[in-house]
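Novice: Below are the sequence and a predicted model; questions follow.
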Amino acid sequence: MFETIGIWIAALLTLCIFSFLYKDNPFYKFAEHLFIGVSAGYWACYYYHNVLQPNLFVPLFQEGRPIFIIPLVLGIMMLLHLVPKISWISRWPLAFIVGTYAGYYLITYLQTNALEQVTATLVPLVTFSSVVLFVGVTTGLVYFFFSKEHKGTFGGIAKFGIWFLMIAFGASFGYTVMARISLLIGRMTFLLKDWLHIIQ
Amino acid sequence: MSIVDRLKTIDRRIIFVAISLAVIIPLLFPIGLPIMVSPPAQGLYDAIEELKPGSKVLLSFDYDPSTMPEVYPMNLGVVRHCFSKNIKLVGMGLWPTGVLLGQEAFELLAEEYGKTYGEDYINLGFKAGGIVVISAMAENIPETFPEDYAGTSIEEFPIMKGVKNFDSFGLAVCFSAGDPGVREWVMIAHSRYGKKVGAGITAVMAPAYYPYLQAGQLVGLLGGMKGAAEYETLLKYKGTGSAGMDAQSIAHSLIIVFIIFGNVIYFIARRKERKKV
């Protein structure tokens, strides 16, 4: 019973959102506002029960671990961003987060996204794909070298690099189209299968 | 107004209707277009095939309902594959909403394969912190996740006996729709601890993660609904990934036609304007 009601609500809200494709209208506005409100409420409750309570309130107030006063104070400082006159205080916890994450990420990120990637590029040029990889990386890097004017042979290599970049952007766009169509298929499948029971 | 001018200002709602029909009609009347399996999907399949029955795989559910049509079928495919090979599954999430979707996939297939919660699979739930959580798991999983998603102590579950850190797992698979997700798993589990990592991600993310595959930092990669359909093909069953591929292919063909058509109209109109000048 409740499942059926839920499916009907979801289906009608889906149609409300789709109605925007015709033009902006009150049904779309209603669904949009409802979604934002429900999301905000859901996340507020979820984060309180799953983040703040187990990671701060329980260790500090129930287990009596005083070290957790530090995140409490930093959290309150962050909330002061909402008070315009003293909003500058929120920069301190923000600086703490940025600094911690930068330090934490730096070495691992460099290892994973630079060193290992460069190592994988330096392969013997014995196969067609390894040659394409080498030429693509080299000419792409030449394009991003701006200390020399892109003229003559250097300009030609840079132009060749642009072709590789364009192919990469095209592939990226194609994947984006696929993702959006997949979402449409997901909604249509829901409407035709779960709501209307037209398909199995 | 000439035909070219009319086509230049065509109402975009006509295109919306055409795309809708291109999606709806194949869903109502499936064609069954062939699905070719690509090496990235085969890589993940092979990595699971190499595992012995009884070994453990770590699944990270880092997605949400908005990307469900793409990622959920992959999640189902990998769980189905592991259950069919009697591989034990330990799920967790860096995204809170992913944990519930992962649990739904577990429950749906546990019934089909006769698997028991706590013995054959477990869901450790969500933990905030992204990369820090993965690092903490590499050191000590029971300390990072002392309870499962429902709040029961993990010491009560046979599947968690002897599980200390990543060494207890033959493979980690991340189902991801953004950050934190695959990047963090590769950075910590693979680069720092040398663990095999596989991924199932949205199509938008796929181009950014192929370099990881090329560099051997990922054993396999499923990208978007097509990746899910390929995995279903490998498992020899038709799931929601395969069901959507007819619609996907026809919609893509129509978009290609629209792009060619738009360019032809643009060049005709430009030539006309030049002639006028």
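Specialist: Thanks, I have the structure now. Note that this is a predicted model, so its numbers are computed, not measured.
Novice: from the middle of its chain, how far away would the helix ranked longest in chain A be?
Specialist: Ranked by number of residues, the top helix in chain A under DSSP state H is helix A:152-189. Chain-centre distance of helix A:152-189: 18 Å, with Cα atoms, centre = their mean, to the nearest Å.
Novice: Which neighbouring elements make contact with it?
Specialist: Counting contacts by 3 or more Cβ pairs under 8 Å, 6 or more residues apart in numbering or on different chains; DSSP states H and E, helix A:152-189 is packed against helix A:128-143, helix B:12-28, helix B:68-84, helix B:206-214, helix B:224-235, helix B:240-276. Heads up, the C-betas are built off the backbone N, CA and C, glycines and all.
Novice: Spatially nearest residue to residue 80, not counting backbone neighbours?
Specialist: Reading this off chain A. With Cβ to Cβ, 6 or more residues apart in numbering or on different chains as the criterion, A:L80 has its nearest non-adjacent residue at 4.6 Å, and that residue is A:I89.
Novice: I was after chain B.
Specialist: Nearest non-adjacent residue to B:R80, counting by Cβ to Cβ, 6+ apart: B:L109, 5.5 Å away.
Novice: was I right about the one you found contacting B:G77?
Specialist: No: B:L109 is not in contact with B:G77 according to Cβ atoms under 8 Å; the separation is 10.0 Å.
Novice: the more surrounded of these two?
Specialist: B:G77 (31 against 21; other Cβ atoms under 10 Å in any protein chain shown).
Novice: what's that one in contact with, if anything?
Specialist: Taking Cβ atoms under 8 Å, 6 or more residues apart in numbering or on different chains, we find B:G77 in contact with B:222, B:228, B:231-232, B:235, B:239, B:241.
Novice: B:Q248 now?
Specialist: Contacts for B:Q248 (Cβ under 8 Å, 6+ apart) come out as A:178, A:181-182, A:185, B:225-226.
Novice: Could you list the domains of chain B?
Specialist: B:3-30+B:246-276, B:39-237 (automatic domain parsing).
Novice: near chain A, which residues of the stretch 51-200 of chain B show up?
Specialist: The stretch 51-200 of chain B comes close to chain A at residues B:66-70, B:96, B:126, B:128, B:131-132, B:183, B:186-188, B:190-192, as judged by Cβ under 8 Å from any Cβ of the partner chain.
Novice: try 7 Å this time
Specialist: Counting by Cβ under 7 Å from any Cβ of the partner chain, the residues of the stretch 51-200 of chain B close to chain A are B:68-70, B:96, B:126, B:128, B:186-188, B:191-192.
Novice: which one of those is nearest A:M78?
Specialist: Relative to A:M78, the closest of these is B:A128; by Cβ to Cβ it sits at 15.0 Å.
Novice: could you dump stretch A:55-67 to CSV, C-alpha only?
Specialist: Extracted as CSV, the C-alpha positions of stretch A:55-67 are listed here (Å, rounded to 0.1, in the frame of the first residue of the first chain):
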residue,chain,number,x,y,z
ASN,A,55,32.2,11.7,15.9
LEU,A,56,31.8,14.6,18.4
PHE,A,57,29.0,14.6,20.9
VAL,A,58,29.4,11.0,22.0
PRO,A,59,33.3,11.1,22.5
LEU,A,60,33.1,14.5,24.2
PHE,A,61,30.0,14.4,26.4
GLN,A,62,29.5,10.7,27.0
GLU,A,63,33.0,9.3,26.9
GLY,A,64,34.5,12.5,28.4
ARG,A,65,37.4,12.8,26.0
PRO,A,66,38.5,16.5,26.4
ILE,A,67,40.6,16.5,23.1
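Novice: List the contacts of it.
Specialist: With Cβ atoms under 7 Å, 6 or more residues apart in numbering or on different chains as the test, stretch A:55-67 has contacts from A:68-69, A:71-72, B:128.
Novice: are any of the residues you listed buried, and which?
Specialist: Neighbour counting with 16 or more other Cβ atoms under 10 Å in any protein chain shown marks A:68, A:71, B:128 as buried within these.
Novice: And the residues you listed, which is closest to A:I17?
Specialist: Once Cβ to Cβ is applied, the member of the buried ones among the contacts of stretch A:55-67 that ends up nearest A:I17 is B:A128, at 29.7 Å.
Novice: so can I have JSON lines of the contacts of stretch A:55-67 showing distance to B:A138?
Specialist: What follows is the contacts of stretch A:55-67, written out as JSON lines (distance: Cβ to Cβ, whole Å):
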{"residue": "A:F68", "distance to B:A138": "24"}
{"residue": "A:I69", "distance to B:A138": "28"}
{"residue": "A:P71", "distance to B:A138": "23"}
{"residue": "A:L72", "distance to B:A138": "28"}
{"residue": "B:A128", "distance to B:A138": "17"}
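Novice: how about the residues you listed, which pair is most distant?
Specialist: Maximum pairwise distance in the contacts of stretch A:55-67, criterion Cβ to Cβ, is 19.4 Å, between A:I69 and B:A128.
Novice: Would you mind measuring the gap between the ends of stretch B:118-129?
Specialist: Counting by Cα to Cα, to the nearest Å, you get 25 Å between the two ends of stretch B:118-129.
Novice: So for it, what gets flagged as buried?
Specialist: Buried residues in stretch B:118-129, counted by 16+ other Cβ under 10 Å: B:120-128.
Novice: What is the burial count for residue 160?
Specialist: All of this is about chain A. 16.
Novice: Hmm, no, I was thinking of chain B.
Specialist: Using other Cβ under 10 Å, the number of residues around B:M160 comes to 22.
Novice: Repeat that for A:G64.
Specialist: A:G64, neighbours per other Cβ under 10 Å, totals 8.
Novice: Then A:F146?
Specialist: By other Cβ under 10 Å, 8 other residues sit near A:F146.
Novice: mind checking how far it is from A:A158?
Specialist: For A:F146, the distance to A:A158 (Cβ to Cβ, to the nearest Å) stands at 10 Å.
Novice: and chain A, which of its residues are near chain B?
Specialist: Counting by Cβ under 7 Å from any Cβ, chain A sits next to chain B at A:21-22, A:46, A:50-51, A:55, A:108-109, A:111-112, A:116-117, A:120, A:171-172, A:175-179, A:181-186, A:188-189, A:192, A:198-199.
Novice: Right, I'll call it a day here.
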